[in-house]
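Visitor: how would this look folded up:
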Amino acid sequence: MTTTIPKNMKAILLNKVGQNFNLEQAQVSVPKMAEQQVLVKVQYVGLGALDEKFVQIGTPCWQYPRIFGFDAVGTVVDAPKGIHPQVGTKVMWHNDISTAGVMSEYACVANYALTALPEGVDLAKAACLPTPGMTALIALFKLQLNEGDSVFIESGHSCTGQLAIQFAKQQGLMVFTNCPDDQLELVKELGADVLFSQDEQDLAAQIQRKYGYDGVQGVIDCTGEHTNELISLLQFCGRISCISGLSQLDDALLFKKAPNIGIVSLPGAWLAKSMCAQQRMSFLGNILIENLESDLLRMPFHEQINFDADAITNALKTRIGSSHFTYQSIEVSAD
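Guide: Here you go, the predicted model:
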């Protein structure tokens, strides 16, 4: 397979972070491969929770303007001799936060962090999976729960929450969750066993009355906004996976519950330069794609966004501060 690679490409640049963040469409040079990298022609980019977060706060390792975006699928168009995956392979990945992003026609990617995609996989949906899917899997792994145990998944309507519910049910767990009233049916269809309204109070008391003080063995804290309340749900020495950092914790509650606290950070795998963690992304990607290909993962609501700075800006502003439960992908290239 021979592909003519141009010198320049279209890209979406992040010029300014904050509430009034600024994205701009531009022409930039096609990147040059470094050691252990391949060049990928990007086909779809996923838009999700990390984009919402980092378009507002950025990170100290970024300089502006920079190409934005974290999750993508595409086709390998150039690779050093002997490096896998080979040219022509369709791949999915979660991008290195310290390098240029993926909202561009081409991207250089570490070959060992890529997941090869089989024929027939829905590429637009696959692009939406890396961040929420890998986060959900790592959060569940950290809980170390056994079949028959129970888990409370906060914000089960979120993209991460939806996938976490489905993987938890595959593990034979009893799933408690909460969500806005208009999305209760969605999480019920995905397999949640016990549902609470997002605004419901005294969840710990309700669960303990019906299921006892050991009713919840694990918690996935999706927002970081109610960590103390979520810890109060746990049995003594239960486990909580926090995917949005830690808020100020209540010392008395920690003394009472003695929780095992785990932090989930996909960007950290790159910032810590942990090749083991980066390679694990490829393994997790395989699990996600096998489930998607086998119709074991449902992504009920999906929409496509144009590869245009204004369209992406509007999509991000709609997501920010809302109870967003739709998977979104940006079509960069149709082939």
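Visitor: what's in contact with the worst-scoring helix or strand of the chain on mean pLDDT?
Guide: Ranking every helix and strand in the chain by mean pLDDT, DSSP states H and E puts helix 203-211 at the bottom, with a mean of 87. Outside helix 203-211, the residues that touch it by C-beta atoms under 8 Å, 6 or more residues apart in numbering are 150, 152, 176, 178, 194, 196, 200, 215-216, 229, 232-233. C-betas here are computed from N, CA, C, even on glycine.
Visitor: now a ChimeraX select for only the buried ones of these.
Guide: Of these, the buried ones go into a single ChimeraX selection, burial set by 16 or more other C-beta atoms under 10 Å:
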select :150,152,176,178,194,196,215,216,229,232,233
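Visitor: tabulate the contacts of helix 203-211 (a markdown table), appending secondary structure.
Guide: Formatted as a markdown table, the contacts of helix 203-211 follow (DSSP: H, G, I helix; E, B strand; the rest coil):
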| residue | secondary structure |
| --- | --- |
| Ser150 | strand |
| Phe152 | strand |
| Phe176 | strand |
| Asn178 | strand |
| Val194 | strand |
| Phe196 | strand |
| Glu200 | coil |
| Gly215 | coil |
| Val216 | coil |
| Glu229 | helix |
| Ser232 | helix |
| Leu233 | helix |
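Visitor: so where's the longest helix in the protein?
Guide: Looking across the chain with DSSP state H, the single longest helix is helix 275-293.
Visitor: flag every buried residue along it.
Guide: Going by 16+ other C-beta under 10 Å, helix 275-293 has these buried residues: 277-278, 280-282, 284-285, 288-289, 291-293.
Visitor: now this structure, which segments are flagged as low pLDDT?
Guide: 1-2, 335 (pLDDT under 70).
Visitor: domain parsing for it?
Guide: 8-128+275-331, 132-264 (automatic domain parsing).
Visitor: quick one on the thing from earlier: which other helices and strands contact the next helix or strand after the longest helix of the chain?
Guide: Downstream of helix 275-293, the first helix or strand assigned by DSSP states H and E is strand 302-306. For strand 302-306, the packing partners by 3 or more C-beta pairs under 8 Å, 6 or more residues apart in numbering; DSSP states H and E come out as helix 123-126, helix 309-319, strand 327-331.
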